[in-house]
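Quick one: sequence plus predicted model below, questions after.
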Amino acid sequence: MSKKDKKQLPHSVTKSELIEMYCNQFSEAKIRNQINEILKERNISKDTKMIPHLEFMEFVETYGLPKGYYLDD
């Protein structure tokens, strides 16, 4: 799949968007648990809907780019 066939990775996402991005790679429960762990480590409420950029990037670094996305340099 070439870069032009992929979407650019967004700056930050909601939990629902994160689940949608990774649903073909991991279970919804695993995605939720892992992002909630990252938020907990940073003292961010797990009830937040929008995942801040740094926490989103930590998730991406841990689990790789979601299929169909590219990270702009």
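Good, I have the coordinates.

What are the boundaries of the strands in the chain?
7-8, 13-14, 50-51, 69-70 (DSSP state E).

Distance to V60, mean pLDDT and mean neighbour count added to these, as TSV?
C-beta coordinates here come from the backbone N, C-alpha and C atoms, glycine included. TSV is the format used below for these (distance: least, C-beta to C-beta, whole Å; pLDDT from 0 to 100; neighbours: other C-beta atoms under 10 Å):
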stretch	distance to V60	mean pLDDT	mean neighbour count
strand 7-8	13	94	10
strand 13-14	10	97	18
strand 50-51	11	96	16
strand 69-70	9	94	14
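
Export the ones you listed as a markdown table, with columns for distance to I44.
A markdown table is the format used below for those (distance: least, C-beta to C-beta, whole Å):
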| stretch | distance to I44 |
| --- | --- |
| strand 7-8 | 25 |
| strand 13-14 | 14 |
| strand 50-51 | 9 |
| strand 69-70 | 23 |
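
Which of the ones you listed sits closest to N24?
Between N24 and the strands of the chain, the shortest separation by C-beta to C-beta is 11.9 Å, and it involves strand 69-70.

chain center to that closest one: distance?
Mean C-alpha position of strand 69-70 versus that of the full chain (C-alpha atoms, centre = their mean, to the nearest Å) differs by 12 Å.

Now do it: which elements does it pack against?
strand 7-8 (3 or more C-beta pairs under 8 Å, 6 or more residues apart in numbering; DSSP states H and E).

Look up how far L54 lies from R42.
The gap separating R42 from L54 is 8 Å, by C-beta to C-beta, to the nearest Å.

Break down the protein into its helices, ranges please.
Taking DSSP state H to define them, one finds helices in the chain at 15-22, 28-41, 53-63.

Let me have these in JSON lines, extended by distance to K6.
Output for the helices of the chain, formatted as JSON lines (distance: least, C-beta to C-beta, whole Å):
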{"stretch": "helix 15-22", "distance to K6": "12"}
{"stretch": "helix 28-41", "distance to K6": "20"}
{"stretch": "helix 53-63", "distance to K6": "14"}
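
Kindly compare burial across these and name the winner.
Among the helices of the chain, helix 15-22 has the highest mean neighbour count (mean count of other C-beta atoms under 10 Å), at a mean of 17.
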